[in-house]
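Novice: task: produce atomic coordinates for the following.
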Amino acid sequence: MKYHRDKFDFSLLKPNNIDRIQLEMIPVASRVLEIGCATGHLSEYLIREKNCKVVAVEADTDQASVAETRGAAVICGYVDHADIQAQVDEYISSNKPFDVVFMSQVIEHLAEPEAMLEKIRGWLGGDGVLVISTCNIAHWKCRLRLLFGRWEYEEYGIFDRDHLRFFTLKNFPGLLRDCGYKVQDCGFSFEDICPFKVMFDYRLLAPTDVLRCIPFIGKGLRARYMHLMRNVIATQFVYTATISREHDF
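Specialist: Numbers count the residues shown, from 1 in each chain. This is a model prediction of the structure:
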């Protein structure tokens, strides 16, 4: 994964940071399968700070080697390949299913996300949790691009040239439900609507900033605005989900 970090300091992350949001969703002392660990910067945090045991899958051999030095047991290869899935199955048969499957910014790189999500169900224990994040193609900047007929791929971000699938915060729960999960929680990072940012690269009069300044009621209004507009202002989002008991899969 190109989204790796050689240095990672959780204490420096802002509350709006997607890594902070999703790491806080992972229970202490849990057994974690991290899919797409890159150089293991998030795995290392889970091991050192949350006392987790981490098994990871990473396709890049160089990054997988670095992740191993950070404490993760790494399976090197593409998680949607049958041989790699067989290695995870073998690990589980020799140990036990995972408490958490952590999949950060990976699902959009897969040709068949439904098949992967269905496979993951078998890697989770009865009370296991899927923590999965991706980016929001319905962000207001993306909508503005499409309004003007623009769709240019980029090296990073929502229009990453390696993205095969695109999701919105609003429709992603439906995908999880269709694949046998029950949504438990959601969080998102955001960049608020701000035309000045687009035109002059300067943040001015964003609604969240204006609402914050209103005495007494501003905090409540800002929270309501963010909830109502979440599928417009969210840049990345993360859901937690458990295996659904409503159907016999």
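
Novice: most distant residue from the centre of this protein?
Specialist: When distances are taken from the C-alpha mean of the chain, residue 215 lies farthest, 34.6 Å away, according to Cα atoms, centre = their mean.

Novice: how close does that one get to residue 221?
Specialist: If you measure residue 215 against residue 221 using Cβ to Cβ, to the nearest Å, the figure is 11 Å. The way it works is simple: take the backbone N, C-alpha and C, and place the C-beta from them, glycine included.

Novice: likewise for residue 213?
Specialist: 11 Å.

Novice: the more surrounded of these two?
Specialist: Set side by side, residue 213 and residue 221 give different neighbour counts by other Cβ atoms under 10 Å, the larger being at residue 221 (16 against 8).

Novice: partners of residue 238 in the sheet?
Specialist: Counting by DSSP bridges, residue 238 forms beta bridges with residue 133, residue 187.

Novice: walk me through the domains of the protein.
Specialist: Domain assignment for the chain by automatic domain parsing gives 10-192+231-243, 194-228.

Novice: pull the distance from the first one to the chain's centre.
Specialist: Distance of domain 10-192+231-243 from its chain centroid, counting by Cα atoms, centre = their mean, to the nearest Å, is 4 Å.

Novice: am I right that residue 158 falls within a strand?
Specialist: No: secondary structure assignment places residue 158 outside any strand; it is coil (DSSP: H, G, I helix; E, B strand; the rest coil).

Novice: run a quick neighbour tally on it.
Specialist: Burial measure for residue 158: 19 neighbouring residues, criterion other Cβ under 10 Å.

Novice: verify the stated contact: residue 60 with residue 38.
Specialist: Yes: between residue 60 and residue 38 a contact is recorded at 7.4 Å, counting by Cβ atoms under 8 Å.

Novice: comparing these two, which residue is more hemmed in?
Specialist: For residue 60 against residue 38, the residue with the higher neighbour count under other Cβ under 10 Å is residue 38, and the figures read 23 against 17.

Novice: need the pLDDT of that one.
Specialist: At residue 38 the predicted local distance difference test score is 94.

Novice: wait, isn't it in contact with residue 56?
Specialist: No: under the criterion of Cβ under 8 Å, residue 38 makes no contact with residue 56, lying 9.1 Å away.

Novice: between the two, which contacts overlap?
Specialist: The contact sets of residue 38 and residue 56 overlap at residue 67 (Cβ atoms under 8 Å, 6 or more residues apart in numbering).

Novice: still on that earlier bit, wasn't the residue farthest from the centre of the chain part of a strand?
Specialist: No: using three-state DSSP, the assignment for residue 215 is coil, not a strand.

Novice: okay, the domains of the chain, which one's buried deepest?
Specialist: Relative to the other members of those, domain 10-192+231-243 carries the highest mean neighbour count by mean count of other Cβ atoms under 10 Å, namely a mean of 18.

Novice: residue 125 and residue 240: what is the separation?
Specialist: When Cβ to Cβ is the yardstick, residue 125 and residue 240 sit 15 Å from each other.

Novice: check residue 141 too.
Specialist: The separation that residue 141 has from residue 240, given Cβ to Cβ, amounts to 26 Å.

Novice: next one: residue 127
Specialist: As for residue 127, its distance to residue 240 is 12 Å (criterion: Cβ to Cβ).
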